[in-house]
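J.: Fold the following, please.
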Amino acid sequence: MSALWSDGDTVIAAATAPGSAAIGVLRLSGPETLAILARHCLKHSADAAPDFAAAPRRAIFCRVVDALNAPIDEALVVFFAAPASYTGEDSAEISLHGNPLLLRKAIEAMLSASVTEGRSLRPAGPGEFTRRAYLNGRMDLTRAEAVHRVVTARSELELEASRKNLYGELTRLTARFRSALIHLKAETEAEVDFSTEDLTFESRAARQARVRDLIAQIEELLRRGRETERLRHGFQAALVGAPNAGKSSLMNRMLGWDRSIVSPIAGTTRDYVAETIQFEGAELRLVDTAGLRDATDVIEEQGVRLSRETMRRSQIILHVIDGALPPYAFPHLEDAPVVVHVFNKIDVADVRAAYRDQVGSDRSVAISCATGAGVDELRRILRELLLGATAAPDVLLLEDRHRFHFLHIQTALERVLELWAQGAPDEITALEIDRALEHAGAITGRIDAEEILGRIFSIFCVGK
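T.: Numbers count the residues shown, from 1 in each chain. Prediction:
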C-alpha cells in the first residue's frame with residue numbers, strides 16, 4: 001500500500017465491472033462510512049439522510065447528491081454495521097443505474113466533498129476490500145485468494161475448486177495438518193521434558209507411522225492440485241486429416257453451430273479455425289486445421305505448416321478419416337500424445353476393418369457428421385481422455401504459494417524420519433516439527449508477512 005494511505009482510511013470503489021449495465025454498485029468501507037452516507041444519500045422527499053445505523057442490512061431508496069446537494073442519481077443503499085460486513089468494518093453498497101459516467105461522477109463528488117470537509121475518504125486499492133476482510137479476521141489467506149479465483153474462473157471445474165476454497169476446504173485440510181503436527185510436537189517434547197517421570201508415551205514406531213501417513217496425505221493433496229491445475233488450463237484438440245474428410249463438419253457438429261466453412265471442394269480450409277467450448281465443465285479448444293496433403297500452392301503450403309504446428313501444441317489429435325473413399329495411407333501424425341481415429345461418413349460406409357493395421361492400439365470411433373450418429377460416443381471418449389473415468393474429479397485448487405509451503409512441510413517430516421533413523425535426540429527432531437508448523441501457519445496466514453499480502457492482493461480488481 002502507498003505510504004500516504006492507511007488501513008484506517010475509508011475507501012470507495014466501483015464493485016461492478018466496467019461498462020454499461022442495468023445496475024452499478026459502489027462499495028464503501030471504513031470508519032466514516034455512516035458520515036459519508038449521511039452527507040450524500042438523502043431521503044427521496046427531504047434534504048435529510050435516513051437513519052442508516054438504525055436499519056443495517058436493509059435496502060433504503062435514496063437520492064445521491066454532490067457537495068451542493070445537486071442530484072446525481074437515485075439509488076438503493078444498504079449499510080452493513082461492523083463487524084457483520086464483508087470487510088469487518090462499517091461498510092455500504094450503493095446501487096445506482098449502471099452508466100459508468102454516473103458511477104464516476106458519484107465517486108468524484110464524494111471524494112471532492114471529503115477533501116473539503118476533512119474526511120479520510122480515498123479510492124480503494126486493488127483487492128483492498130478483501131485485504132481488510134483478512135486483516136479484520138473475516139477470512140484467512142486461503143479464502144481471500146479464493147475470492148479472486150471465483151471472480152476470474154474460466155471453467156466450471158475451476159469455479160467449483162475456487163468455491164471449495166472460498167468455503168474453507170483448504171483451510172480445514174491445513175488445520176488438520178497443523179493439529180496433527182502440534183500433537184506430534186507435544187508428544188515429542190513431553191518425552192524430553194518428562195523423561196524421568198513414570199509416564200507412558202506413544203511408541204517411536206507409532207509416531208513414525210503417523211508421520212508417514214502425513215507425508216502420504218501431502219503427496220495425495222499435491223497430486224490433486226496438479227490434476228486440478230491441468231484441468232484449469234484446459235485442453236486443445238486438433239482436428240486433422242486428409243482434405244474433405246469432414247473436419248470442418250465435425251467442428252460444427254461439436255460446437256452446435258456453423259463456425260467452419262463446409263464445401264465439397266477439397267482444401268477449403270487454408271488457415272486453422274479455433275473455438276473454445278465448455279466440455280464437461282473443463283475448457284476444450286477445438287482447432288479445425290487445413291487438410292494434410294502435398295500442397296499445390298504457397299498458400300496451402302502455409303496452411304499445412306500451421307496444421308502441423310497446431311498438432312504439436314495439442315494434447316489430443318482427432319484424426320478424421322473419409323469413410324466414403326477407398327482405404328488410403330494415414331498422414332504422419334507428428335508423434336501426437338493421444339490420437340483418436342474418427343471414421344466419418346458411416347452413413348455411406350463403415351470402413352474401420354480395412355484400417356485395423358494402421359489404427360493399432362489407438363482409440364477409434366465411427367461417426368456421421370451428416371446424421372450425428374456416433375458423436376455421443378466420441379464425446380464419451382473425449383470426456384474419458386480429459387477427466388478420467390471418474391464421474392466427478394476431486395478438484396483442489398492450490399496456488400504456487402500453497403504448493404511451496406506443503407512441499408516444505410513434507411521435506412521437514414521426511415527429515416524427522418531421517419533423524420529418528422539416525423538416533424538423533426528428540427530436541428533436534430522437534431526443530432523440524434517447528435519448521436513444518438511454521439509453513440502450515442503460513443498457508444492460512446497465521447504470520448505477519450506484509451510482502452506476502454501485497455503480492456496476493458495486487459492481482460485483485462479494484463472493487464473487490
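
J.: Was I right to think residue 285 contacts residue 235?
T.: Yes: with contacts counted by Cβ atoms under 8 Å, residue 285 reaches residue 235, the gap being 6.9 Å. Backbone N, C-alpha and C define where each C-beta goes, glycine included.

J.: These two: which is more packed in?
T.: Per other Cβ atoms under 10 Å, whichever of residue 285 and residue 235 has more neighbours is residue 235, with 20 against 17.

J.: Please point out which parts of the lengthiest helix in the chain sit buried.
T.: If you go by DSSP state H, the chain has its longest helix at helix 204-233. Going by neighbour count (16 or more other Cβ atoms under 10 Å), the buried part of helix 204-233 is 207, 210-211, 214-215, 217-218, 221-222, 224-225, 227-229, 231-232.

J.: quick one, what contacts residue 123?
T.: 11-13, 107, 111, 462 (Cβ atoms under 8 Å, 6 or more residues apart in numbering).

J.: Identify the bridge partners of residue 75.
T.: residue 62 (DSSP bridges).

J.: How many neighbouring residues does it have?
T.: That count, for residue 75 with other Cβ under 10 Å as the rule, works out to 24.

J.: ok, it touching residue 98?
T.: No: Residue 75 lies out of contact with residue 98 (Cβ under 8 Å); the separation is 11.2 Å.

J.: Next secondary structure after the longest helix of the chain?
T.: Using DSSP states H and E, the next helix or strand after helix 204-233 towards the C-terminus is strand 235-241.

J.: who are the neighbours in contact with residue 258?
T.: Counting by Cβ under 8 Å, 6+ apart, residue 258 has contacts residue 252.

J.: Can you tell me the SS state at it?
T.: Classification of residue 258 using DSSP: H, G, I helix; E, B strand; the rest coil returns coil.

J.: what about it, distance to residue 290?
T.: As for residue 258, its distance to residue 290 is 18 Å (criterion: Cβ to Cβ, to the nearest Å).

J.: Next: residue 315.
T.: 20 Å.

J.: Next, count neighbours for the residue nearest to residue 10 when sequence neighbours are not counted.
T.: Among residues not flanking residue 10 along the chain, residue 30 sits closest, at 2.8 Å (Cβ to Cβ, 6 or more residues apart in numbering). By other Cβ under 10 Å, 26 other residues sit near residue 30.

J.: quick revisit: more neighbours: residue 315 and residue 290, which one.
T.: Remark: of residue 315 and residue 290, residue 290 carries more neighbours, 27 against 17, as counted by other Cβ under 10 Å.

J.: That one reaches residue 309, doesn't it?
T.: No: at 11.1 Å, residue 290 and residue 309 do not qualify as touching, with contact defined as Cβ under 8 Å.

J.: In the stretch 251-400 of the chain, where is pLDDT below threshold?
T.: The stretch 251-400 of the chain contains residues with pLDDT under 70 at 257, 259-272, 291-305, 307, 334-336, 388-393.

J.: change it to 50
T.: 263, 265-270, 294, 389-390 (pLDDT under 50).

J.: which residue ranges form the strands in it?
T.: 273-279, 282-288, 316-322, 339-344, 363-366 (DSSP state E, counting those that start in this stretch).

J.: which helices and strands sit right next to the shortest one?
T.: Under the contact definition 3 or more Cβ pairs under 8 Å, 6 or more residues apart in numbering; DSSP states H and E, strand 363-366 sits against strand 339-344, helix 375-387.

J.: Go through the first one and flag the buried ones.
T.: This points to strand 339-344. Buried residues in strand 339-344 (16+ other Cβ under 10 Å): 339-344.

J.: ditto for stretch 184-191
T.: 184-185, 187-189, 191.

J.: Of all the strands of the stretch 251-400 of the chain, which one is nearest residue 84?
T.: strand 273-279 (36.4 Å; Cβ to Cβ).

J.: Give the pairing partners of that closest one; include direction for each.
T.: Under the rule (DSSP bridges), strand 273-279 has strand 282-288 (antiparallel) as partners.

J.: how big is the angle separating the partner strand from strand 235-241?
T.: Angle of strand 282-288 versus strand 235-241, following axes from the mean of the first three to the mean of the last three Cα atoms, to 10 degrees, is 20 degrees.

J.: So residue 24: helix, strand or coil?
T.: Per three-state DSSP, residue 24 ends up strand.

J.: Could you give the number of residues near the residue lying closest to it once chain neighbours are set aside?
T.: Distances taken as Cβ to Cβ, 6+ apart place residue 98 nearest to residue 24, at 3.9 Å, with adjacent residues excluded. Other residues lying near residue 98 total 17 when counted by other Cβ under 10 Å.

J.: Got the phi and psi for residue 98?
T.: phi -80, psi 40 (degrees, to the nearest 10).

J.: Pretty sure it sits against residue 17.
T.: No: Residue 98 lies out of contact with residue 17 (Cβ under 8 Å); the separation is 9.6 Å.

J.: Leaving out the residues flanking it, which one is nearest to residue 229?
T.: Of all residues not flanking residue 229 in the chain, residue 398 sits nearest, at 7.4 Å (Cβ to Cβ, 6+ apart).

J.: need the contact list for the one you found.
T.: If you count contacts by Cβ under 8 Å, 6+ apart, then residue 398 has 170, 221-222, 225, 228-229, 406 around it.

J.: With residue 215 instead?
T.: Contacts of residue 215 by Cβ under 8 Å, 6+ apart are 410, 413-414.

J.: mind showing which ranges of the stretch 101-250 of the chain have poor pLDDT?
T.: For the stretch 101-250 of the chain, counting by pLDDT under 50, the residues that fall below are 198-199.

J.: please redo it, this time with the cut-off set to 90
T.: For the stretch 101-250 of the chain, applying pLDDT under 90 flags the ranges 118, 120, 145, 148-149, 151-162, 168, 179, 182-207, 226-250.

J.: In it, what residue spans correspond to helices?
T.: Using DSSP state H, counting those that start in this stretch, the helices of the stretch 101-250 of the chain run over 128-135, 141-152, 156-166, 169-193, 204-233, 247-255.

J.: who's in contact with residue 92?
T.: Residue 92 touches 27-29, 33, 37, 52, 77-80, counting by Cβ under 8 Å, 6+ apart.

J.: Neighbours of the nearest residue to it once chain neighbours are set aside, how many?
T.: Nearest in space to residue 92, with sequence neighbours left out and distances taken as Cβ to Cβ, 6+ apart, is residue 28 at 4.5 Å. By other Cβ under 10 Å, 30 other residues sit near residue 28.

J.: give the contact list for residue 340.
T.: Residue 340 touches 316-319, 362-365, 378, 381-382, 385, counting by Cβ under 8 Å, 6+ apart.

J.: Next step: the contacts of residue 215 restricted to strands.
T.: Among the contacts of residue 215, no member falls in strands (DSSP state E).
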